[in-house]
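K.L.:
pasting the structure only:
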């Protein structure tokens with residue numbers, strides 16, 4: 001009999017050979033039917049053939065499927081799919097096997113790129129995710145013929161290993177993937193990064209980044225880090241291409257909507273507006289020349305309040321005299337053109353270039369430094385040594401920030417102090433001296449390098465800021481739903497909140513806390529006699 005023949009063939013040959021044989025037999029039967037039988041016969045004939053050739057051996061197929069996946073036997077996988085799809089429910093188990101397999105491969109790929117518990121290279125990490133996705137996307141679009149079931153399996157597995165893996169567990173932070181993806185974008189879009197590519201190639205890589213972005217569940221974390229890094233690129237003029245910056249914002253807008261990219265777009269627009277503003281300021285200075293003043297090399301960026309991730313300084317800052325005149329001149333020009341607007345200067349984000357020189361031996365260097373660093377070094381123009389207290393009084397920089405900056409300049413050997421160590425806090429009486437024997441083979445030296453402690457602190461602050469923002473987003477969502485529905489049961493309110501919030505997945509305990517907070521603030525209340533029902537308070 002045919003069942004006995006197929007069983008015997010399977011016992012004597014590997015499963016891939018059987019798949020070829022079964023396909024061939026089905027094709028022969030269809031050709032015979034077309035030649036000798038009425039067309040209506042084929043449906044019943046096909047059902048009988050599939051039952052004998054496929055359904056009776058389904059368990060063997062399933063057990064062999066894993067081996068085919070492990071060994072990348074895509075042609076054999078395609079044959080198995082073509083045979084099993086003829087059964088009404090045959091693909092469900094194959095789909096689950098594929099999903100589990102992709103999840104395992106993805107988790108293993110992430111594990112292999114983890115350097116240590118704290119350090120993960122964004123480029124290595126994102127490329128590991130992309131390689132896994134590409135491999136199995138090709139499998140789904142090829143051998144599985146873009147079948148919706150296997151597309152679902154791929155998507156579900158990718159969401160699994162891209163959001164929860166050993167990297168997120170090591171940092172105890174489910175927002176690690178979006179953070180690393182944003183940092184990878186920064187590597188792509190920043191000048192002098194480790195990734196040097198042509199603009200067309202970078203556009204293609206950014207399209208790949210969007211593939212990963214679609215699977216990220218905590219898109220608000222990506223938004224926070226991307227915004228901070230975009231701000232740094234724009235303010236420091238380190239973007240590899242302004243067109244690419246605009247293109248990436250458009251991609252994010254297409255995926256997440258206007259509200260998601262509103263601040264990013266405003267930041268991008270501010271840079272173009274500021275260029276026009278600088279040109280007009282130069283024209284203004286040329287038309288109204290002042291004696292003994294030079295504004296060559298001066299440029300300013302006017303940032304829209306609320307769009308940029310910068311806050312106004314908490315304390316005053318004593319601007320060095322050399323900068324005071326241009327500071328006042330620009331303020332006068334801006335007030336004249338923009339009556340009613342108030343400028344708040346972010347000196348902590350400003351930078352410039354100063355010349356360091358001495359006569360014996362005759363040497364000269366150009367230091368690229370922040371305005372705060374310049375303010376510190378300026379006071380050594382007249383004295384070779386100052387106490388920490390004198391520096392703070394003269395510059396009016398916050399004590400904690402000044403401590404970091406002085407230690408940084410000591411690290412560059414520009415300043416020196418025998419009483420200050422890297423780990424101890426600087427005392428007000430500690431003496432700081434200008435290092436008159438400073439030497440460097442480079443003429444131009446960049447002192448405006450971010451401190452490692454600052455970078456780590458900024459990362460922690462960004463994650464904390466996301467947590468705080470989420471509470472407000474959840475509360476606003478609850479109020480919006482209750483205002484529309486007037487009255488709603490607890491379970492339905494929870495479900496609707498989770499459905500509406502697309503940029504992150506709120507936990508049920510967090511939603512409950514927000515509901516409790518809104519009850520305290522009299523936005524909503526419990527319906528009398530029904531503890532599981534809320535109503536909106538107008």
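P.N.:
Sure, I can see it. Please read all numbers here as calculations on a predicted model, not as lab measurements.

K.L.:
check contacts around residue 18.
P.N.:
Residue 18 makes contact with 6, 9, 10, 57 under the criterion Cβ atoms under 8 Å, 6 or more residues apart in numbering. C-beta: built from backbone N, CA, C; applies to glycine.

K.L.:
In CSV: these, plus distance to residue 511, secondary structure and pLDDT.
P.N.:
Output for the contacts of residue 18, formatted as CSV (distance: Cβ to Cβ, whole Å; DSSP: H, G, I helix; E, B strand; the rest coil; pLDDT from 0 to 100):
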residue, distance to residue 511, secondary structure, pLDDT
6, 56, helix, 70
9, 58, helix, 76
10, 54, helix, 74
57, 49, helix, 81
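
K.L.:
Spatially, which two of these are the most separated?
P.N.:
Greatest spatial distance among the contacts of residue 18 (Cβ to Cβ): 9 and 57, at 10.0 Å.

K.L.:
neighbour count winner among the two?
P.N.:
Comparing residue 9 with residue 57 by neighbour count (other Cβ atoms under 10 Å), the higher total belongs to residue 57, at 19 against 13.

K.L.:
Against residue 73, how distant is that one?
P.N.:
17 Å (Cβ to Cβ, to the nearest Å).

K.L.:
Same check on residue 488?
P.N.:
As for residue 488, its distance to residue 73 is 53 Å (criterion: Cβ to Cβ).

K.L.:
out of those two, which sits in the busier spot?
P.N.:
Counting neighbours by other Cβ under 10 Å for residue 488 and for residue 73 shows that residue 488 has the greater number, 22 against 18.

K.L.:
so which helix or strand takes in the more buried one?
P.N.:
Secondary structure assignment for residue 488, by DSSP states H and E: strand 487-489.

K.L.:
Could you do residue 318 as well?
P.N.:
Applying DSSP H and E, one finds residue 318 in no helix or strand.

K.L.:
Now do the phi/psi pair for it.
P.N.:
Note on residue 318: backbone dihedrals following degrees, to the nearest 10 are phi -80, psi 100.

K.L.:
and what of residue 387?
P.N.:
Backbone torsions for residue 387, taken as degrees, to the nearest 10, come to phi -80, psi 160.

K.L.:
Could you give the number of residues near the spatially closest residue to residue 146 that is not a sequence neighbour?
P.N.:
Take residue 146 and drop its neighbours on the chain: the residue closest to it by Cβ to Cβ, 6 or more residues apart in numbering is residue 140, 6.7 Å away. When counting by other Cβ under 10 Å, one arrives at 21 neighbours for residue 140.

K.L.:
Low-confidence stretches in the stretch 101-250 of the chain?
P.N.:
Counting by pLDDT under 70, the stretch 101-250 of the chain shows low-confidence ranges at 115-118, 193-197.

K.L.:
Ok, the stretch 301-450 of the chain next?
P.N.:
Of all residues in the stretch 301-450 of the chain, those with pLDDT under 70 make up the ranges 359-361, 450.

K.L.:
mind listing the strands for it?
P.N.:
351-358, 363-370, 385-387, 415-416, 431-434, 444-446 (DSSP state E, counting those that start in this stretch).

K.L.:
Residue 210 contacts residue 251, correct?
P.N.:
Yes - with contact defined as Cβ atoms under 8 Å, residue 210 counts as touching residue 251 (5.3 Å).

K.L.:
count of neighbours near the nearest residue to residue 345 once chain neighbours are set aside?
P.N.:
Distance criterion Cβ to Cβ, 6+ apart; nearest residue to residue 345, sequence neighbours excluded, is residue 327 at 7.2 Å. Residue 327 has 17 neighbours, counted by other Cβ under 10 Å.

K.L.:
Many thanks, I have nothing further to ask.
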